[in-house]
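Asker: Got a sequence here, can you build the structure:
(2 chains)
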Number of protein chains: 2
Amino acid sequence: MTLTSISSWQSFGGDLTVHEHTSDLLGCDMQFAVFTPPQAFYGPVPVLWYLSGLTCTWANVMEKSGLQRAAAAHGMMIIAPDTSPRGADVPDDEAYDLGHGAGFYLTATQAPWSTHYRMDQYVTQELPPLISEHFEADMSRQGVFGHSMGGHGALTLHFNHPERYKSVSAFSPITSPSQVPWGRKAFEAYLGPMSVAWERYDATERVKERQTEAHILIDTGDADQFLDEQLRPQIFIEACRKHGQKLTYRMQPGYDHSYYFVSSFIDEHIAHHAEALKD
Amino acid sequence: MTLTSISSWQSFGGDLTVHEHTSDLLGCDMQFAVFTPPQAFYGPVPVLWYLSGLTCTWANVMEKSGLQRAAAAHGMMIIAPDTSPRGADVPDDEAYDLGHGAGFYLTATQAPWSTHYRMDQYVTQELPPLISEHFEADMSRQGVFGHSMGGHGALTLHFNHPERYKSVSAFSPITSPSQVPWGRKAFEAYLGPMSVAWERYDATERVKERQTEAHILIDTGDADQFLDEQLRPQIFIEACRKHGQKLTYRMQPGYDHSYYFVSSFIDEHIAHHAEALKD
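Answerer: Have a look, this model is predicted:
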């Protein structure tokens, strides 16, 4: 599969590289970034997928989270996909929370979205062979984390593929999309009126069906402007408690929804994954 | 003096705040950012001024360098001023390296720039009383650092006020502005044809005149796209060697001019200042 190199920077002794490829699955050209830690010089390293939030691309986390420092220290490769299919031919919406930049890591079944919006398949089926072919990635040791909409993505990808994504964490995630405005709007557009089809993409519904071996780590700021309306952590916390899913959900006093919050705790998240994925 | 709060975020247990004020000296409204570390809760902390490069504002370093982590660990306050006067009434140029975003930390004497461009006076005379009045800053312990044009600013501010800025470091600085295109263009516009007036703002000329007690730390990437034409480190290294100025100038293999480079070494710079400014 052809991968075009777009940009390359040295960072913390490793390499941050940005790549473009034609996605057959999404029907458009896509970009993603990879941070390769210096340890990859000696052989394959664990892979940590970072899923971004609404409106983001690979750039937000790579420019603003400072995660390269801990990734280099722990020898973790970081993959940052885009948040939706993109391009003039890809259906879009004027709102920031639907269409471009708002793929919600699901496979849309409703027109006009069903032609291109398959971000869960893109991340789980199309990207892994590309990563495996072009990078020193140990595909037997993968974790997933993300922010906001990407935290939702990380949790649902983990619950739907626990054998693959052995570790999982999130910053300010949407954990009950079927019960909050962001999720309802997106799911109705992409999946149609509420039905069992929504459950696959709702972490709270997933944890009721199947618990995993992972110890989930979540951080959310108690000054997050989306806390009460969109995040509503108590629903997921209660579901994990009731169904025996290991979860550490930390409310961080004074922090908001921004990357200033993410960067403050990303070292601990990477250490969490490194511990879970160690040989 | 009136200070208007623009934004506020919690970051690494400290506070990142952005402020606006009317600068009498510059004749326009100005914004700057302050990172206050958690240690300031208990009393005044050392102050480290970060001067940014061409086209930048306070945002580049605060969003992309990750410096809050080390600043919080060492208990250092960080002040990030803007890089020029701004506004519709402030003379500008279409080029990125003159006018808005390109103040070069000097006092312009030539029309049309002389009406507003006084960034050295702004940083050294107008901002300090504001900082002292509104923040838990120990003004007896100040250091200065910066990137590119801001590295030039840091070095010249240090040489012109060594008793005030006791520690100094720089990333990819312009160290011999009188001998490189960026500096010559700016100095000719702001200061007129080459004359003794340039020497005050040329670190290489300064170190010939007076050496300081500081141990200067500089990091530059050997893959920096501006290395050979604009940075030309050898001129300054040779001047420091010849005149007995303590300097550690590190060429970092593989790094470029970006904030991916700055972030990779900013922990070491903040530690350098913390050591020099400790009680």
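Asker: When you work out contacts or count neighbours from here on, use the C-alpha atoms and nothing else.
Answerer: OK.
Asker: who touches the top helix by length along chain A?
Answerer: Longest helix in chain A by number of residues (criterion: DSSP state H): helix A:259-276. For helix A:259-276, the surrounding residues in contact (Cα atoms under 8 Å, 6 or more residues apart in numbering or on different chains) are A:48, A:61, A:64-67, A:69-71, A:74, A:76, A:143, A:147, A:166-169, A:171, A:217, A:219, A:221, A:255, B:9-13, B:63, B:66, B:69.
Asker: contacting residues around the spatially most central residue of chain A?
Answerer: For chain A, A:L51 is the residue whose C-alpha lies nearest the centre (Cα atoms, centre = their mean; 2.3 Å). By Cα under 8 Å, 6+ apart, A:L51 lies in contact with A:80-83, A:144-147, A:149-151, A:153-154.
Asker: How about the residues of the stretch 151-279 of chain A by chain B?
Answerer: Applying Cα under 8 Å from any Cα of the partner chain, one finds that the stretch 151-279 of chain A approaches chain B through A:254-256, A:260-261, A:263-265.
Asker: Check those for burial and list the buried ones.
Answerer: Taking 16 or more other Cα atoms under 10 Å in any protein chain shown as the criterion, what is buried in these is A:254-256, A:260-261, A:263-265.
Asker: Could you work out the most separated pair of these?
Answerer: Greatest spatial distance in these: A:G254 and A:S263, 14.2 Å, computed using Cα to Cα.
Asker: number of nearby residues for the spatially closest residue to A:D93 that is not a sequence neighbour?
Answerer: If the residues on either side of it in the chain are set aside, A:D93 comes closest to A:G99, at 5.2 Å by Cα to Cα, 6 or more residues apart in numbering or on different chains. A:G99 has 25 neighbours, counted by other Cα atoms under 10 Å in any protein chain shown.
Asker: from the stretch 51-200 of chain A, which residue is nearest to chain B?
Answerer: A:K64 (5.1 Å; Cα to the nearest Cα).
Asker: Could you report the neighbour count for that residue?
Answerer: 20.
Asker: Find me the pLDDT at A:D279, would you?
Answerer: You'll see A:D279 listed with a pLDDT of 76.
Asker: before we move on, what SS does it have?
Answerer: coil (DSSP: H, G, I helix; E, B strand; the rest coil).
Asker: still on that earlier bit, of the contacts of A:L51, which belong to helices?
Answerer: A:149-151, A:153-154.
Asker: I'd like the distance between the closest residue in space to A:E136 that isn't next to it in sequence and A:M1.
Answerer: The shortest distance from A:E136 to any non-neighbouring residue, by Cα to Cα, 6+ apart, is to A:P44 (4.4 Å). Computed as Cα to Cα, to the nearest Å, the A:P44 to A:M1 distance reads 20 Å.
Asker: more neighbours, those two?
Answerer: Per other Cα under 10 Å, whichever of A:P44 and A:M1 has more neighbours is A:P44, with 19 against 9.
Asker: Show the pLDDT at the more buried one.
Answerer: The predicted structure lists A:P44 with a pLDDT of 98.
Asker: closest to B:E126 among the contacts of A:L51?
Answerer: The closest of the contacts of A:L51, once distances to B:E126 are taken by Cα to Cα, is A:H147, at 40.1 Å.
Asker: and that closest one, bridged to which residues?
Answerer: The bridge-partner assignment for A:H147, based on DSSP bridges, gives A:F171.
Asker: again with A:Y249
Answerer: With DSSP bridges as the rule, A:Y249 is bridged to A:I218.
Asker: Test my guess that it contacts A:G221.
Answerer: No - between A:Y249 and A:G221 there is no contact under Cα atoms under 8 Å: 10.8 Å.
Asker: what about those two, which has more around it?
Answerer: Using other Cα under 10 Å as the criterion, A:Y249 and A:G221 rank with A:G221 on top: 22 against 18.
Asker: Distance of the more buried one relative to A:V180?
Answerer: From A:G221 to A:V180 the distance is 18 Å (Cα to Cα).
Asker: A:S172: neighbouring residues, count only.
Answerer: A:S172 - counted by other Cα under 10 Å - has 32 other residues nearby.
Asker: What of A:F226?
Answerer: 16.
Asker: what's the answer for A:A197, then?
Answerer: That count, for A:A197 with other Cα under 10 Å as the rule, works out to 13.
Asker: Leaving out the residues flanking it, which one is nearest to it?
Answerer: Closest to A:A197 by Cα to Cα, 6+ apart is A:L191, at 7.0 Å.
Asker: Can you give me the neighbour number for that neighbour?
Answerer: Counted with other Cα under 10 Å, A:L191 comes out at 21.
Asker: so who does it touch?
Answerer: A:107-110, A:197-198.
Asker: Buried subset of these as a ChimeraX selection?
Answerer: Selection of buried members from the contacts of A:L191 for ChimeraX, criterion 16+ other Cα under 10 Å:
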select /A:107,108,109,198
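Asker: A:I174 reaches A:H152, doesn't it?
Answerer: Yes - judged on Cα under 8 Å, A:I174 makes contact with A:H152 at a distance of 5.0 Å.
Asker: Contact partners for A:R141?
Answerer: A:45-47, A:164-166, A:277-278.
Asker: switch the cut-off to 7 Å
Answerer: Neighbouring residues of A:R141 by Cα atoms under 7 Å, 6 or more residues apart in numbering or on different chains: A:46-47, A:277.
Asker: same question, A:Y255
Answerer: A:221-224, A:261, B:10.
Asker: Only the buried residues of the longest helix of chain A, if you could.
Answerer: For helix A:259-276, by 16+ other Cα under 10 Å, it's A:259-267, A:269-274, A:276.
Asker: can you check stretch A:201-212 too?
Answerer: A:201-207, A:212.
Asker: Same question for stretch A:50-63.
Answerer: A:50-63.
Asker: In strands, which of those fall?
Answerer: Mapping the buried residues of stretch A:50-63 onto strands (DSSP state E) picks out A:50-51.
Asker: just the buried residues of stretch A:50-63 now: which is nearest A:A137?
Answerer: A:Y50 (14.8 Å).
Asker: follow-up on the earlier one: any figure for the gap between the residue nearest to the centre of chain A and A:G103?
Answerer: For A:L51, the distance to A:G103 - Cα to Cα - is 11 Å.
Asker: thinking again about what came up before, any chance of the residues of the stretch 151-279 of chain A next to chain B in a markdown table, with pLDDT and distance to A:K185 too?
Answerer: Output for these, formatted as a markdown table (pLDDT from 0 to 100; distance: Cα to Cα, whole Å):
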| residue | pLDDT | distance to A:K185 |
| --- | --- | --- |
| A:G254 | 98 | 29 |
| A:Y255 | 98 | 26 |
| A:D256 | 98 | 23 |
| A:Y260 | 98 | 27 |
| A:F261 | 98 | 26 |
| A:S263 | 98 | 29 |
| A:S264 | 98 | 31 |
| A:F265 | 98 | 30 |
